[in-house]
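Prediction below, plus the sequence it came from.
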Amino acid sequence: MVWSSLFVVASSIAAVSAATPYRPGVAPSPLPDQAVAARLHIKPDTACQTADDARQPRNIQLAAWVECQILAFYPYPRTETADDTDWLPGYVAAIHPDGRFSWNNTRYNYDGFLKIYKGFSSAIGSSYGTGWQQWRDYYVASPDTWDPEGRGGVVTAHGFTGGILRNHTEAVNYPNAGYFVVKELQGRRWIWELREHGTSPSTTPLPEEGQKWVCNPTYEVCESGRERKEL
């Protein structure tokens, strides 16, 4: 009797799920082939315009804004000069000074993340030059992850880094991903949190654990006024 009841309930849930209208940006099921259809392919040449286009769905505006910022702040050279840091103004404009950031298993504040980005920029510039290809393969920003009271929300980005090494002709790429928390503060969008994961080999030295994030007692449980331990 119990198993029969459970089967009826499960069947009812499945029927309701199957009848639920598909919403743009949301996968209708966890099946990979259907999830692919929900990926947002943002055009780099129109991303910045799409980010502020009120005619576009909110999730597309949000994903386009993230792409627009990546085009500006990702640490790779825009010229053949190995130490080109044209990305610095983009970093300042997009990354919030009080934000939290991580690279693989290390974590940083604003200045610490900027420091490792400068290291990445130098390594990319000397190895790839303008042959670097950044990781804007596709984005996921569903209608359920944008802030109903502002233009912020959550965006995940997936793709590849790498490119054509200097004096080579074939590209070498590595999977990469990012998790972005975007906040709108005083009418302006900021990247409040960025967790980036990459698999490309790098000689850039990283601290074993990075930095402890400062604990905000207004909404977090702090340990005797000290910085919060990583969970």
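Structure's in. What do you need?

So which residues of this protein form strands?
Applying DSSP state E to the chain gives strands spanning 95-103, 106-108, 132-133, 138-140, 153-164, 171-185, 188-198.

So which elements touch the last one?
Spelled out, that is strand 188-198. When contacts are defined as 3 or more C-beta pairs under 8 Å, 6 or more residues apart in numbering; DSSP states H and E, strand 188-198 sits against helix 58-73, strand 95-103, strand 171-185. For every residue, glycine as well, the C-beta is placed using N, CA and C.

Let me know how buried Pro77 is, in neighbour terms.
Pro77: 22 surrounding residues under other C-beta atoms under 10 Å.

Skip the chain neighbours and tell me the closest residue to it.
Nearest residue to Pro77, sequence neighbours excluded (C-beta to C-beta, 6 or more residues apart in numbering): Asp84, at 3.7 Å.

From Ala54, how far off is that neighbour?
According to C-beta to C-beta, to the nearest Å, Asp84 stands 35 Å off from Ala54.

the more surrounded of those two?
Legend: neighbour count by other C-beta under 10 Å for Asp84 and Ala54, higher for Asp84 (19 against 6).

Now the phi/psi pair for the more buried one, please.
Dihedral angles of Asp84 (phi, psi; degrees, to the nearest 10) stand at phi -60, psi 120.

who's in contact with it?
Each residue near Asp84 by C-beta atoms under 8 Å, 6 or more residues apart in numbering is listed here: 77-78, 121, 125.

Make CSV from those and add pLDDT to it.
Output for those, formatted as CSV (pLDDT from 0 to 100):
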residue, pLDDT
Pro77, 74
Arg78, 75
Ser121, 85
Gly125, 80
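
Show me how to select, in ChimeraX, the buried members of the residues you listed.
Burial among those is assessed by 16 or more other C-beta atoms under 10 Å; the matching ChimeraX selection reads:
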select :77,121,125
